[in-house]
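Peer 1: one predicted model, sequence on top.
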There are 2 protein chains.
Amino acid sequence: MTERERIYLFDTTLRDGQQTPGIDFSVEDKIAIANMLDHFGIDYVEGGYPGANPTDTAFFAKKRTGRAKMTAFGMTKRAGVSASNDPGLTALIASESDAVCLVAKSWDYHVEVALGITNDQNLECIAESVAAVADAGKEAMVDCEHFFDGYKANRSYALACAKTAHEAGARWVVLCDTNGGTQPDEIAEIIADVIASGIPGAALGIHAHNDTGQAVANSLAAVKAGVRQVQGTLNGIGERCGNANIITLAATLALKERYNSRYELGIDAEGLTDLTGLSHGFDELLNRAPDPQLPYVGASAFATKAGIHASALLKDPRTYEHVDPSRVGNTRKVMVSDQGGKSNFINELKRRGIVVSKDDPRLDKLITIVKEREASGYAYEGADASFELLALRELGSVPDFFHVESFRVMVERRYDSHGRVKSVSEAVVKLEIDERRVMSVSEGDGPVNALDKALRKDLGKFQNEIADLKLADYKVRILNGGTEAITRVLIESIDDDGVRWWTVGVSENIIDASFQALMDSVTFKLMKNRKLAGRAAAE
Amino acid sequence: MTERERIYLFDTTLRDGQQTPGIDFSVEDKIAIANMLDHFGIDYVEGGYPGANPTDTAFFAKKRTGRAKMTAFGMTKRAGVSASNDPGLTALIASESDAVCLVAKSWDYHVEVALGITNDQNLECIAESVAAVADAGKEAMVDCEHFFDGYKANRSYALACAKTAHEAGARWVVLCDTNGGTQPDEIAEIIADVIASGIPGAALGIHAHNDTGQAVANSLAAVKAGVRQVQGTLNGIGERCGNANIITLAATLALKERYNSRYELGIDAEGLTDLTGLSHGFDELLNRAPDPQLPYVGASAFATKAGIHASALLKDPRTYEHVDPSRVGNTRKVMVSDQGGKSNFINELKRRGIVVSKDDPRLDKLITIVKEREASGYAYEGADASFELLALRELGSVPDFFHVESFRVMVERRYDSHGRVKSVSEAVVKLEIDERRVMSVSEGDGPVNALDKALRKDLGKFQNEIADLKLADYKVRILNGGTEAITRVLIESIDDDGVRWWTVGVSENIIDASFQALMDSVTFKLMKNRKLAGRAAAE
């Protein structure tokens, strides 16, 4: 094998992805996503626009990545002020970033209409801004906005912008198809011309949008033409039709012989198996249902419906699969027969330390229950702890720690004596523990909070055991339209050991669904304590 | 302009699209979709597999299209029986179809493993089946299954299959990327070889799948390489990651100079403006929410969030749009968001018929309020109706239709006299309408449903006006982790005019947030009725 060239993956989920209608990241979201990307092995994480808004400024107050280069995004300096006197550029340089990506106009029409300066002034702004970033010891890169449309309108000026950035010391000159309408063969032809004009492919990047459904194809055409940095977003979020899906790009570059024989990524084979989890984890964070048709990672990506393909697939999966699903952490699904179902289950249980034989009739019953519950809205793949409890219950090893006799939640909104609107949420929970009745009442910020407080206020002899249990996250998804729809609640809990677990509840009634998930969380914590105590006793 | 070559669009929504997990068409669905496709100007409508199941047999009992060629799909005859004695082939020929598409193995491994016959026997089956279709006076075509993978495994045999079909009289030889993993440049290279081997491009078709996110790019690469028939499905439904999206393909072929200067479709400029309606109408029939990011036709395809792009877009839309949205029946959207400037606001208001001058101090106040509310969790870009109400309130033109004195919601779970768990949700709403107090109580499936029913149970003199108001969708997003977090509720409403509107509510308390959104929905409906009445009076 000849030496392979390195392709750098640049993620702009936190910057261009933020332009997606309906998506607004908090600082906590941004930190969580940067961690996911860093862990996965992305080379650059573009985090936003420090100085432009409080969220991005807070994100860049600290270094948030380990391996990945944290990249700040902003504009080149304004004409008429020096780089050191431009507050925007100063904020970029002052931010906790390894690299700074400067967006620059490369279509002469935009220089005139949007910036209102001369073409030469724009080139000066590019050169001086790049130099200022490089002088500050940071890696400089330039996003040439509208590069392909600009090239078609005024080839020599677009090339001049790119060359100016390169010659001023930019590590990367990124060619952006900002409007997203360029076709793959145009991309290839124009990049060939850029390289012929003197900028090596090793200094070029591609930033593609999906307005004709070809963001991935445009990115790969650019790689073939010579660029070595590829930009994209998780699950292809982004303005209008989105950016190139960086997950699809990573999988194709890593798994297709046409690419992996010539290029390598900063992600190894093991890292690649995180792809499906990365895609679903990101949707989970956005609280939206994953697209089942997503390439490589969608729930349907390796699913075959009954018909002529299914039996051949069972004979030899390679005949109907373009790659092995396990390489991207996904699984094969043949929807006609559940041959794979049982061994999958045994594996899932084993992973949790639960050993059960293939012939155990309780296993068949458990599989039936899980399927029925998933059909009615439960989602055990996102609720590990509830799945474990369900399995242990069927195998007969969960004690009845406590019994819930009833609960009641009340929410009232009215005017107080000063004429101000006042909302009160109150919950009453009645439990039976060791034949002793316990009744608790609590107020809270909203009905679920009140219910949680009341449930955990007095758990009798178990109260000390759950003292360190805290709720870390709470998600609600409505499974069908309308307020009469089914509600699924997922709750994440954490304790002082730093262990986190997810539980699920499903009901027509959001309060009821929340209560199921809260109960599972408390029970899981009690089981966990017993498991630890058992281990300590055995040692 | 030189003479343009005709590209034929072949839709397989009703056949390959039926392989999508979760999609099962009834005969009525198939008839409705065939009508939509026919009306739009698709050349071929593949309707299914007559003889294989009752739905498809019923669909093919009558001619369902006008202009479009109705195409039946099935297998080539089995080895060892004559074409006239093969019941499958006989059913295809007997069906009410203009064309018959025969699927044939073109990968030698599949001939051996799936069919269990010799390579020569397979070629014989192809030749005799095509001849039988052509002899019956129907247009014959052959889907070469696994053509590209077959070509890579055994080039000469794959080519022999294609040539046999062509020489036996097939109007079209369709090259299928059945497993969906082939890259655009491989597609182009292999098709060039097929044409060099003697089959003209005018007799070739392409059938691409989206397993690497490049179904559209693969189809267009094939067109560039010479094929003249392109297969796809509405909105890209299909097995696994789906087929090529025929809507995206039609728009790109018709609107991009690289294609429309050389090729023409059976769809004129006016027909093209039906694209957005076709895409949404199909989703409507499937009862699923349209994907806002779909190229050309998605609700976000021409949407710009505030920021550096929005002001330039308002100056000259062409600078940030790769095509004019009106050409595909879509519209431009510049969205309100906390990054929005004054001109954005004025435009957004104008679109809603609200005229306000740039110097009006109420405008500054409105912008401040929107920004504050968005910072506290409101999302007006997803809640048009709430935005409009907020603006009208600030500009002083929303009457106080009713006043909410208080509401109370109670959820109780306990055991009934038979020992079964029972949940009850009950809401009480107290309103004041024209100094008359109205009190309503209602039970519901969950607290929000109960509250909605109670609020709309008696709205005094307005009750008739809201009789046709229905809730269509309900979304909940928790904005920070934990049950003490802020909850954002979005509610979609619909009335008998078919108008849909979204409203938003935000609170620590999910019940309170839901109530705000419900109130806005009712108020918007009352305002809408007055606007219509005003218009009718003016006419």
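Peer 2: That came in fine, so what should we check first?
Peer 1: check the stretch 301-450 of chain A for the residue nearest chain B and tell me.
Peer 2: A:His322 (2.5 Å; CB to the nearest CB). Where C-beta positions appear, they are placed from N, C-alpha and C, glycine not excepted.
Peer 1: residues contacting A:Ile494?
Peer 2: A:469-472, A:500 (CB atoms under 8 Å, 6 or more residues apart in numbering or on different chains).
Peer 1: what pairs with it across the strands?
Peer 2: Note on A:Ile494: beta-bridge partners by DSSP bridges are A:Lys470, A:Arg500.
Peer 1: now the helices for the stretch 151-300 of chain A?
Peer 2: A:155-167, A:184-196, A:215-225, A:246-255, A:257-260, A:269-272, A:275-286 (DSSP state H, counting those that start in this stretch).
Peer 1: just to revisit the earlier point, show the pLDDT at the closest residue to the residue of the stretch 301-450 of chain A closest to chain B other than its chain neighbours.
Peer 2: Take A:His322 and drop its neighbours on the chain: the residue closest to it by CB to CB, 6 or more residues apart in numbering or on different chains is B:Gly181, 2.5 Å away. Reported pLDDT at B:Gly181 in the predicted model: 97.
Peer 1: and the angle for the helix or strand harbouring A:Ala104 with helix A:155-167?
Peer 2: Element membership for A:Ala104 (DSSP states H and E) is strand A:99-105. On the basis of axes from the mean of the first three to the mean of the last three CA atoms, to 10 degrees, strand A:99-105 is oriented at 160 degrees to helix A:155-167.
Peer 1: list the contacts of strand A:99-105.
Peer 2: Taking CB under 8 Å, 6+ apart as the rule, strand A:99-105 contacts A:44, A:46, A:69-76, A:92-93, A:111, A:114-115, A:122, A:125-126, A:129-130, A:133, A:138-146, A:150, A:161, A:165, A:171, A:174.
Peer 1: among those residues, which are in strands?
Peer 2: A:44, A:46, A:69-75, A:139-145, A:174 (DSSP state E).
Peer 1: what's the local residue count around A:Asp400?
Peer 2: 8 (other CB atoms under 10 Å in any protein chain shown).
Peer 1: which element is it on?
Peer 2: Counting by DSSP H and E, A:Asp400 is part of no helix or strand.
Peer 1: top helix in chain A by residue count?
Peer 2: helix A:510-538 (DSSP state H).
Peer 1: just the pLDDT for A:Leu451.
Peer 2: 95.
Peer 1: next: A:Lys152.
Peer 2: Confidence score, pLDDT, at A:Lys152: 96.
Peer 1: and what of A:Ala132?
Peer 2: A:Ala132 is given a pLDDT of 98.
Peer 1: buried residues, stretch A:25-39. List them.
Peer 2: Neighbour-count burial for stretch A:25-39, counted by 16 or more other CB atoms under 10 Å in any protein chain shown, picks out A:25, A:27, A:29-34, A:36-38.
Peer 1: and stretch A:402-417, by the same measure?
Peer 2: A:402, A:404, A:407-413.
Peer 1: among those residues, name the ones in strands.
Peer 2: A:404, A:407-413.
Peer 1: enumerate every residue touching A:Glu492.
Peer 2: So A:Glu492 contacts A:471-474, A:500-502, B:481 (CB under 8 Å, 6+ apart).
Peer 1: same question, A:Asn235
Peer 2: By CB under 8 Å, 6+ apart, the neighbours of A:Asn235 are A:245, A:247, A:279, A:282-283, A:290-291, A:294.
Peer 1: which of those residues lies closest to B:Arg6?
Peer 2: A:Asn245 (33.4 Å; CB to CB).
Peer 1: what's the local residue count around the nearest residue to that closest one once chain neighbours are set aside?
Peer 2: Spatial nearest neighbour of A:Asn245, chain neighbours left out: A:Gly236 (3.4 Å); criterion: CB to CB, 6+ apart. By the criterion of other CB under 10 Å, A:Gly236 has 28 neighbours.
Peer 1: hmm, A:Gly236 is touching A:Asn210, no?
Peer 2: Yes - using CB atoms under 8 Å, A:Gly236 makes contact with A:Asn210 at a distance of 6.3 Å.
Peer 1: circling back to that earlier point, thought the residue nearest to A:His322 was touching A:Arg318?
Peer 2: No - in this structure, B:Gly181 is not within contact of A:Arg318 by CB under 8 Å, at 11.0 Å.
Peer 1: one step back: filter the contacts of A:Glu492 down to the buried ones, ChimeraX style.
Peer 2: Selecting only the buried members of the contacts of A:Glu492 in ChimeraX, with burial defined as 16+ other CB under 10 Å, works like this:
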select /A:471,473,474,501,502 /B:481
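Peer 1: so can I have a markdown table of the contacts of A:Glu492 showing pLDDT and distance to A:Gln18?
Peer 2: Below are these laid out as a markdown table (pLDDT from 0 to 100; distance: CB to CB, whole Å):
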| residue | pLDDT | distance to A:Gln18 |
| --- | --- | --- |
| A:Leu471 | 87 | 27 |
| A:Ala472 | 82 | 24 |
| A:Asp473 | 81 | 21 |
| A:Tyr474 | 83 | 23 |
| A:Arg500 | 85 | 26 |
| A:Trp501 | 91 | 30 |
| A:Trp502 | 90 | 26 |
| B:Gly481 | 51 | 20 |
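Peer 1: perfect, I'm done here.
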